[in-house]
Every structure is written in C-alpha cells, then in structure tokens.
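next comes the sequence, and after it the predicted model I'd like to discuss.
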Amino acid sequence: MSEHVPAQLPGFARNSVNLASAGLGAKGIYVTDEFFAPLERMLADQPAVFIEDKFDDHGKWMDGWESRRKRVLGHDFAVIRLATAGRIDGFDVDTSHFTGNYPPAARIEACNVAGDPDDNTEWTEVLGTSPLGPNAHHYLASLSSDIFTHVRLHIYPDGGVARLRVFGQPFLDPARVGDGDIELSSALNGGRIIGFSDAHYGSYHRLLAPGRGENMGDGWETSRRRVPGNEWIVVALGARGVLSGAVVDTAYFKGNFPDMCSIQAADMSEFGTDAGDAIITASMFWPELISQQKLQADHVHDLSAHIRDIGPVTHVRLNIYPDGGVSRLKLTGRIA
C-alpha cells in the first residue's frame, strides 16, 4: 500500500514547498501585537494542537499567533522572512482551534528585497482581502507569479491564526548555482516528497530538510514491518540533473535503523508536475542509481562512490530494507 500527499488538496499545495516553514529557516521579523500567542508558533511545521486546560500568564494557551482584542481603529499584521526566495503559488491560512477568536478576514502582500524590508519597501498584493472562518484551513491561490523573499500577513481586525503556509517553488538563481553541483533533493532547492509506503513515525518531509536531524522524530520512520517486502519513499528533485553525490543519514536511529538501502532514479519529465500516482507506480521499474548498501546506526553514509551513470533524472526512490528510520537524504549533482 502506498500513500501520498492528499489528493483533496489544491494543486499548489500538493506540488510545492512550504516557503514559510520554520524548519526550513523561515522567521517572523515583525508583528504589531502577539499578546496571547507569539508569531513564531504560526510558522511551526507540525499541525496545530489544542490543549484544553493549558493556560499561561496571558490567558488561554493557543498554538499559533494571536493578538489581543483591538479597541481602536486599525488591524494587526506580521512580516515573515521566507526560508528562501521563491515563486508563491498559494497559501493555507489555517485557523484550526481558533473558534471565537479567529480574524474574519485576511490579506497578504509580498516583496523581494536583499536583507529585510523597511519603510521604503514596495509591497505587492498576492492575496486580496479574503473571508476566514473558524477552525478551518483556507487554501487560497496567489495573485502573482513573481519571485519574493518576504510576506506580510494582515488580519482584520485582530485574532488568531494557527498556521500560515506559503506554498511555492524555491528560486534557483543561475548566478548562485552556475555550473557546479547543488543539493537537488533539498527542500530549499525545490525537492519534495510525493509518495511513500509508510510514514507512521516522525515527520517524513524533514527527510529533505537542511542540516542533520535534531532527534529521532526529525526524519522519516516507518512502523515495524510484519510482512515480506520493504519500505520506500519517492522524491521529486528540485530540478532535472545528473547526480554525483548521495548521503543517507541515520542520525539518532539506533535500534530502528534500516539494515540496508538502495536508490532508484529516472527522468520523468514527460509526466509533468501533477501525476503523482503514475510516477509512484512507475518507480517500481526505475533503474538502480545505487545498489543495496549496508547501513549503520546513527551514522552519515556517503554512498557517492556507488552511484551508477544513468544520465539525467528528475525523481528518485529511496528503498530501505526491511523498515526503520532515516533522518536525511542528500542528493547532489549538476542541473542538466
């Protein structure tokens, strides 16, 4: 049985990276008011939770950003530095668990600046004033396909937002990339997971995050396999490229690391960006990029010497035998 990003999500949410992910480096840099709940919670990768009996010095603890009740004319807003510059395709303004304290409407602007915006920065409206409801995800398309570095979320007049997700495509600046190798699997370069056999534990999207894992929950981990076979996960690279480097990191996976792994890959350019099921099915027959290799507990495995020359590829499939956890997968190469 395979799983993939839920089909009921709009295309921009299924086929993009959350540029406002704190785990990828996004950061709130300004907010008019965060009396009840700090802005940083709104950028968390994990789904928002509600803890009924949890209170702090400011009142009810809420998992998101929440301003106080406004008693004067005006509204609240927050400025977020995106994890990386990119084209914005759409948003999820998530008011989960905010019922009597959600904002009735929101609007979003964006800018592209070196450093951070100031009073002279020109902002572009990427989401017009849109109605919001209580305890709900609001998937809204972007009005612009330009490249941006920051967004400014306006809420009218006040209230709380559990999560803001800014879905888009990281910008691979030719001046930065050049002809050299880049990490094509990195989420910061547009890599994304489109399917897997099992992801019972951990946070599977963190497999493509920068750096090393911080704990055993910071990566992809399957349940214990009780039937013959093996587990797998399929990754769309940020760009079509020729791979020359491969690292499989089992950081913090000690009694639950896979015994072995292998990697398959293929050029699936002709399938387009919204053919997840077809690509996942085809992945069973892709050629091997790296044959089966033994793995160790809590170890960085550089498998680059085992890469076979199979030409340019757009997708890879990491197979683990029989099950277990992998913290990071890092695949480097040059754009083809």
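Yep, that arrived.

please tell me how far residue 201 sits from residue 191.
Per Cβ to Cβ, to the nearest Å, residue 201 is found 21 Å from residue 191. Every residue, glycine included, has its C-beta placed from N, CA and C.

more neighbours: which of those two?
For the pair residue 201 and residue 191, the greater number of neighbours falls to residue 191 (24 against 16), based on other Cβ atoms under 10 Å.

where in the chain is pLDDT low?
1-7, 274 (pLDDT under 70).

got the phi/psi numbers for the nearest residue to residue 325 once chain neighbours are set aside?
Setting aside the residues directly before and after it, residue 325 is nearest to residue 221 in space (Cβ to Cβ, 6 or more residues apart in numbering), at 3.4 Å. For residue 221, the backbone dihedrals (degrees, to the nearest 10) come out as phi -140, psi 130.

which helix runs longest in the protein?
helix 276-282 (DSSP state H).

tell me which other helices or strands the helix or strand following it touches.
Per DSSP states H and E, the first helix or strand lying C-terminal to helix 276-282 is strand 288-294. Packed against strand 288-294 by the contact rule (3 or more Cβ pairs under 8 Å, 6 or more residues apart in numbering; DSSP states H and E) you find strand 231-249, strand 260-266, strand 313-321.

JSON lines for these, including distance to residue 121 and mean neighbour count?
Formatted as JSON lines, the helices and strands packed on strand 288-294 follow (distance: least, Cβ to Cβ, whole Å; neighbours: other Cβ atoms under 10 Å):
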{"stretch": "strand 231-249", "distance to residue 121": "28", "mean neighbour count": "22"}
{"stretch": "strand 260-266", "distance to residue 121": "42", "mean neighbour count": "22"}
{"stretch": "strand 313-321", "distance to residue 121": "36", "mean neighbour count": "23"}
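
redo these as JSON lines? Include distance to residue 43.
Listed next are the helices and strands packed on strand 288-294 as JSON lines, based on distance: least, Cβ to Cβ, whole Å:
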{"stretch": "strand 231-249", "distance to residue 43": "21"}
{"stretch": "strand 260-266", "distance to residue 43": "32"}
{"stretch": "strand 313-321", "distance to residue 43": "27"}
